[in-house]
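Chemist: any chance you could fold what I've pasted below:
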Amino acid sequence: DPGRGESSAVLGVRATALNDSSVLLLAEDRTQRQRADEARRDFVANISHELKTPIGAMALLSEAIEGAADDPESVRRFAGRMQHESGRLGRLVNEIIDLSRLQFDNPVESARAVPVDAVIGEALDRVQSAAEAKHIRLVRGGPHGLAVIGDKDQLVTAVNNLVDNAIAYSPEHTRVAVGVRERDDAVEITITDQGIGIPDDELPRIFERFYRVDQARSRQTGGTGLGLAIVKHIAAAHRGEVSVWSSHGAGSTFTLRLPRHPGSHTTADPVRPVDSTAADVTEGTA
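Modeler: Model (predicted):
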């Protein structure tokens with residue numbers, strides 16, 4: 001089909017003589033298998049590279065600590081860097097495990113009604129400390145009472161990754177808003193930040209595994225490059241999708257669109273603190 005552009009296929013072909021005048025020709029399309037093998041090799045190569053960085057850094061820092069045994073200030077500084085690198089390594093290993101497990105989990109097979117309020121509440125609880133450390137105000141807006149179809153743990157992971165990413169790439173004393181809206185037969189969860197934004201030419205690649213828009217900033221924040229890839233995988237497994245709008249220097253909005261459970265209903269959205277002990281988390285208009 002000329003309208004689809006150029007493409008290539010990988011075929012395995014075998015020929016067997018049936019008799020003096022006939023030949024049996026067997027052709028097997030191996031395109032998808034080869035693409036899967038290439039993706040697996042690339043993934044392993046990327047993992048190896050990503051693991052080497054924090055492991056190598058910790059090895060060098062341990063040597064530095066040994067050489068600075070008589071300098072308490074240097075020891076404290078190097079130990080802090082080791083903690084940062086070990087935390088980064090731990091997050092990377094956990095996300096690799098999550099991504100591997102997601103390859104075999106099918107949330108649609110055992111799908112049930114999942115309250116959106118519970119998903120957002122748990123995701124916000126997980127990032128509360130990170131938000132407080134940067135004086136970032138978390139805001140939750142939109143209707144209550146909606147439910148989607150799927151697996152709660154996976155959906156909490158997806159929303160948590162999006163909010164955590166928004167906090168990591170936002171300056172101090174800004175706001176991250178989590179909104180909910182019902183559209184057709186779907187529920188949309190939006191995460192909006194006032195961060196640095198994403199350049200237009202980078203947007204098509206941000207959901208790729210290990211892809212980072214700003215390598216230097218990712219090293220500072222401890223980003224692994226797997227968070228958004230995990231979100232995309234979870235969205236697809238739930239027969240939904242994730243999209244992004246962003247303007248460089250003006251923040252980003254990620255939208256997670258999921259099938260609405262037919263039995264869910266909305267309630268009013270009173271403006272009140274979600275948790276009176278956490279002043280930075282409030283309800284309002286996202």
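
Chemist: tell me the spacing between Leu228 and His144.
Modeler: To His144, Leu228 is 27 Å away according to Cβ to Cβ, to the nearest Å. For glycine as for every other residue, the C-beta is placed from the backbone atoms N, C-alpha and C.

Chemist: try Val242
Modeler: Noted for Val242: a distance of 22 Å to His144, by Cβ to Cβ.

Chemist: do the same with Ala27
Modeler: When Cβ to Cβ is the yardstick, Ala27 and His144 sit 57 Å from each other.

Chemist: out of these two, name the residue with the larger neighbour count.
Modeler: In this view Ala27 and His144 are compared by other Cβ atoms under 10 Å, and His144 has more residues nearby, 17 against 11.

Chemist: next, the residue of the chain positioned farthest from its centre: phi, psi?
Modeler: Here the chain has its C-alpha centre computed as a mean, and the residue farthest from that point, by Cα atoms, centre = their mean, is Asp20 with 60.1 Å. Reported as degrees, to the nearest 10, the phi and psi values for Asp20 are phi -70, psi -20.

Chemist: show me where pLDDT drops low in this structure?
Modeler: 1-7, 32, 34-50, 103-105, 108-110, 212-224, 264-286 (pLDDT under 70).

Chemist: can you pull out the strands in it?
Modeler: If you assign secondary structure with DSSP state E, the strands in the chain sit at 11-17, 23-29, 112-115, 137-141, 147-150, 175-183, 186-192, 241-246, 252-259, 281-283.

Chemist: and these: which comes nearest Met58?
Modeler: Closest approach to Met58 among those is made by strand 175-183 (31.0 Å; Cβ to Cβ).

Chemist: could you count how many residues lie near Asp98?
Modeler: Look at Asp98: counted by other Cβ under 10 Å, it has 18 neighbours.

Chemist: got a list of what the closest residue to it other than its chain neighbours touches?
Modeler: Of all residues beyond its chain neighbours, the one nearest Asp98 is Ile230 (5.9 Å), with distances taken as Cβ to Cβ, 6 or more residues apart in numbering. Ile230 makes contact with Glu95, Asp98, Leu99, Leu102, Thr157, Ala158, Asn161, according to Cβ atoms under 8 Å, 6 or more residues apart in numbering.

Chemist: no further queries at this time; thank you.
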